[in-house]
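# 3D, please:
(chains A and B)
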Amino acid sequence: MSKTVTLTIDGQTLTVPAGYSIWEAAHQVGINIPNLCHHPALRPEGSCRVCVVKVKGARNLSASCVTKVAEGMEVSTHTPEVLAVRKNIVELLLANHPRDCLSCARSGNCELQKIASDMGIRKIPYNYNRPPMKKDEGNPSITRDPAKCILCGRCVRMCSEVQGIGVYGFTWRGINSRVSPAFDLPLDKATCTYCGQCAKVCPTGAITIHNDTDKVWAALRDPEKIVMVQTAPSVRVGLSEALGGKPGDIVTGKMVAALRQLGFDKVFDTNWSADLTIMEEGTEFIHRLKDGGVMPMITSCSPGWVNYMEMFYPELIPHFSTAKSPQAMFGTMLKTYYAQKMNIDPAKIVSVSIMPCTAKKFEAQRPELSASGFRDVDVVLTTVELGQMIREAGLNFQALPDEQFDPLMGVGSGAGTIFGTTGGVMEAAVRTAYELLTGKGLDPLELAPVRGMEGIKEATLTIGKTRVKVAVAHNLANARKVCEAIKAGNPHGWHFIEIMACPGGCINGGGQPISLEMDTPVKRQEALYTDDRNLPIRKSHENPEVQALYREFLGEPNGHKAHQLLHTHYREQIRG
Amino acid sequence: MACQCSATGEFDLAPLMEILSEYKDNPKGALIPVLQKAQGVYGYLPKPVLETIARELRLTTAEVFGVVTFYAQFHLNPRGKHIIRVCQGTACHVRGGAKILEAVSEHLKVKPGETTRDLEFTLETVACLGACGLAPVMMVDDNTHGRLNPLDIPGILDSYLS
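Coordinates of the predicted model:
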């Protein structure tokens, strides 16, 4: 059997691997067939019918995303018949779609809007007569507006097939058909982790990020408040895409400049507190390893993952590192260490974070994350929302000069920067733990087996006389496999596991700019590794500002004060 | 309409587990027969029953809910002892079927699709009962009541109360 197939598309002859869909084959020769239900990260379904093409000899038009190429096939992608059918399909979708594009969160990057525009639809020949549907705005992370749903099912497939949860399903029937959680529950009553991957694949404004920019504008305009911001590692490699740049651009300096121009009093780096997390988590791991604590230890900095474990595997909670996430650690230190050092009343501080993550908005509202007596983080904005604020202020982002973070909490190591990618937290932890245990630097410094995009990665290290086995998993379906393995007695003998909820890690978080290109997360990942290589300090324990924090304020890692301020606890979440 | 039931504890799930035991090793294609049998036992499909079915058949609750809400034969809420079907077909329509429905609805204080608080009656509409000669017509359980006048309704319905 031949492994390739030769066919013609619009008169062009091409050879593609057998098993390709017509849609994929056309893409190879530069023909972009419009589609709405298909997404490159998901299994094709063929439900929207926008991608129909004419296949010679076939009785009906074929949906190109689900029709496989065949030897000698002759495909036409834009005959008058094909274009007329497509246009009619889109007109029917528009008939059931609210006409409020101008004020929609997805205006400008809505796939339905783009297709309607590309097809030159200037008039919708049908009236809108759907009964009003209630928005779900009952959680801090994700807003659902079912009226804008076109029933493409991308969110259903993302949540069940990639994340392995299945919050959404197709429910009810006929004109009442909708995508909803079981029992039409709002997301805060369903088993939603707030990872936000559904919002990233939604082609319209049916699932969007809960917008908190108004709160930040209000704080910035309040002369009584001191507004300080931290920026997560992945934001610097994602933000550019929201402002006319390309995936993989590293825009740390421009981002800092933009935040200052928006009016933030101080601009800091979450990489600094990622280094702090490594000090606490790495020390915790060493203690568990030496003193026979609960093993394997699992990272707890991905809030979607924390929600998942608290809902689905509460019996494994003792495996969690008690170290707070970098976002929360930063917030605590801002309102204690920094406030004391600069003689600022912490009550006047508004602690803002810029995160690639929708679940961080939920994390920030956890009541236990307020060790300073104030909330660690007051407002969380996603990369997408920061992009919007920068556009709102009219800043020419790409022309901004590169500026530096403010001192005391503004230096981050390369280990801190790679926190944003799957494998990065583990690599950062190993760089430090190895050196603390052996007194020697890890050589090579880069931990190749935990890099890349494979779902579950493993590495074995010999640290002194101890062999340590580490594992790294990303996306929640892989997280489930890891949990099941631990429940089955940890047959792989893992000591330390890193889990991130989103496919690829934070670089591809629910708060990052939407991209339909499969290589976008990879480019962002490569950018973080480049950033790491270019930084003068690449190990968390060598961060001079973190060293100063311990010297002047905290004492020892995992010491009494550190424990009080930088560690947390978890509890079972029962929803429904 | 959302499910009205609350705590898991109030349902005896033992009969459901009995039904499920037959399908546990071969859950493919089991969902609809399991839902039918479960409804046969419980009279409707409350939330804890659906959650248990999803867990045991290794489906998501959203998928199970999707199937239940797709088919008219499945009910999320308790059903009355007596099922009233008021015809809204063409012949009944021209002879005042809407007035009959209104009279039933007013007498029982429920809307179509709902069940009375005392669980005596469930009110439904139907597109045609095939008894157009008797229009306007309704059925209560297996009995056909034809040539109706809205004033007849209270008497007919009360006759079903034990």
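# domain assignment for chain B?
With domains defined by automatic domain parsing, chain B comprises B:11-70, B:82-158.
# now the residue located most distally from the centre of chain B, what's its secondary structure?
Distance from the C-alpha centroid of chain B, by C-alpha atoms, centre = their mean, peaks at residue B:25 (30.7 Å). Recorded secondary structure, residue B:25: coil (DSSP: H, G, I helix; E, B strand; the rest coil).
# relative to residue B:37, how far out is it?
Distance from residue B:25 to residue B:37, counting by C-beta to C-beta, to the nearest Å: 17 Å. Quick note: C-beta positions are derived from backbone N, CA and C, even for glycine.
# returning to what we had before: please report how far the residue farthest from the centre of chain B lies from chain A.
Separation of residue B:25 from chain A (C-beta to the nearest C-beta, to the nearest Å) stands at 19 Å.
# residues in contact with residue B:13?
Residue B:13 makes contacts with B:48-49, B:52, as judged by C-beta atoms under 8 Å, 6 or more residues apart in numbering or on different chains.
# kindly recompute the last result at 10 Å.
B:20, B:38, B:42, B:48-49, B:51-52 (C-beta atoms under 10 Å, 6 or more residues apart in numbering or on different chains).
# of the residues you listed, which is the most crowded?
Taking other C-beta atoms under 10 Å in any protein chain shown as the neighbour criterion, residue B:49 ranks highest of those with 25 neighbours.
# elements contacting the host helix or strand of that one?
Taking DSSP states H and E as the criterion, residue B:49 maps to helix B:47-57. Under the contact definition 3 or more C-beta pairs under 10 Å, 6 or more residues apart in numbering or on different chains; DSSP states H and E, helix B:47-57 sits against helix B:14-21, helix B:31-42, helix B:61-70.
# returning to what we had before: next up, phi/psi of the residue farthest from the centre of chain B, please.
phi -80, psi -20 (degrees, to the nearest 10).
# and for residue A:414?
Per-residue torsions, residue A:414: phi -60, psi -30 (degrees, to the nearest 10).
# who are the contact partners of it?
By C-beta under 10 Å, 6+ apart, residue A:414 lies in contact with A:271, A:275, A:424, A:427-428, A:431, A:445-446, A:528-540, A:542.
# any of these buried? List them.
Using 16 or more other C-beta atoms under 10 Å in any protein chain shown as the burial test, those include A:271, A:275, A:424, A:427-428, A:431, A:445-446, A:528-529, A:531-532, A:535, A:537-540, A:542 as buried.
# separation between the nearest residue to residue A:288 once chain neighbours are set aside and residue A:499?
The spatially closest residue to residue A:288, leaving aside those adjacent along the chain, is residue A:297, at 5.5 Å (C-beta to C-beta, 6 or more residues apart in numbering or on different chains). Separation of residue A:297 from residue A:499 (C-beta to C-beta): 11 Å.
# what does residue A:404 give?
Residue A:404 is 33 Å from residue A:499, by C-beta to C-beta.
# who has more neighbours out of those two?
Legend: neighbour count by other C-beta under 10 Å for residue A:404 and residue A:499, higher for residue A:499 (30 against 13).
# what about that one, which SS state?
Classification of residue A:499 by three-state DSSP places it in strand.
# from memory it sits against residue A:300, does it?
Yes: when contacts are counted by C-beta atoms under 10 Å, residue A:499 is listed as touching residue A:300 (8.8 Å).
# spit out the residues that contact these two alike.
Common neighbours of residue A:499 and residue A:300 (C-beta under 10 Å, 6+ apart) are A:306, A:309, A:320.
# which among those residues gets closest to chain B?
Relative to chain B, the closest of these is residue A:309; by C-beta to the nearest C-beta it sits at 18.3 Å.
# and that closest one, what is it in contact with?
A:193, A:298, A:300, A:302, A:315-317, A:319-320, A:476, A:479, A:483, A:499, A:501, A:570, A:572-573.
# measure it to residue A:571 for me?
Distance from residue A:309 to residue A:571, by C-beta to C-beta: 11 Å.
# buried ones in stretch B:43-58?
B:44-54, B:56-57.
# how about the nearest residue to residue A:334, chain neighbours excluded?
residue A:351 (5.3 Å).
# check the offset of the host helix or strand of the one you found from the chain's centre.
According to DSSP H and E, residue A:351 maps onto strand A:349-355. Remark: strand A:349-355 is offset 18 Å from the chain centroid, using C-alpha atoms, centre = their mean, to the nearest Å.
# hang on, residue A:204 packs against residue A:152?
Yes: under the criterion of C-beta under 10 Å, residue A:204 makes contact with residue A:152 at 8.4 Å.
# point me to the residue of the stretch 451-576 of chain A nearest chain B.
Counting by C-beta to the nearest C-beta, the stretch 451-576 of chain A gets nearest chain B through residue A:576, at 7.9 Å.
# and the residue lying closest to that residue once chain neighbours are set aside, how many neighbours?
In this structure, residue A:576 finds its nearest non-sequential neighbour in residue A:189, 5.7 Å apart by C-beta to C-beta, 6+ apart. By other C-beta under 10 Å, 16 other residues sit near residue A:189.
# just to be sure, residue A:189 is in a helix?
No: under three-state DSSP, residue A:189 sits outside any helix and is assigned coil.
# enumerate every residue touching it.
Contacts of residue A:189 by C-beta under 10 Å, 6+ apart are A:136, A:138-139, A:181-183, A:575-576.
# per-residue pLDDT, it?
Listed pLDDT for residue A:189 reads 97.
# spell out which parts of chain B neighbour chain A.
Taking C-beta under 10 Å from any C-beta of the partner chain as the contact definition, chain B meets chain A at B:1-3, B:5, B:8, B:47-48, B:50-51, B:54, B:59-72, B:76.
# returning to what we had before: hey, which of the helices and strands packed on helix B:47-57 is tucked in deepest?
Across these, averaging neighbours per residue (mean count of other C-beta atoms under 10 Å in any protein chain shown) puts helix B:61-70 on top, at a mean of 23.
# tell me which other helices or strands it touches.
Applying 3+ C-beta pairs under 10 Å, 6+ apart, one finds that helix B:61-70 contacts helix A:154-157, strand A:168-171, strand A:178-181, helix B:31-42, helix B:47-57.
# again, only using 8 Å
Applying 3 or more C-beta pairs under 8 Å, 6 or more residues apart in numbering or on different chains; DSSP states H and E, we find helix B:61-70 packed against strand A:168-171, helix B:31-42, helix B:47-57.
# could you pull out the buried residues of the shortest one?
Residues A:168-171 are the ones in strand A:168-171 that count as buried (16+ other C-beta under 10 Å).
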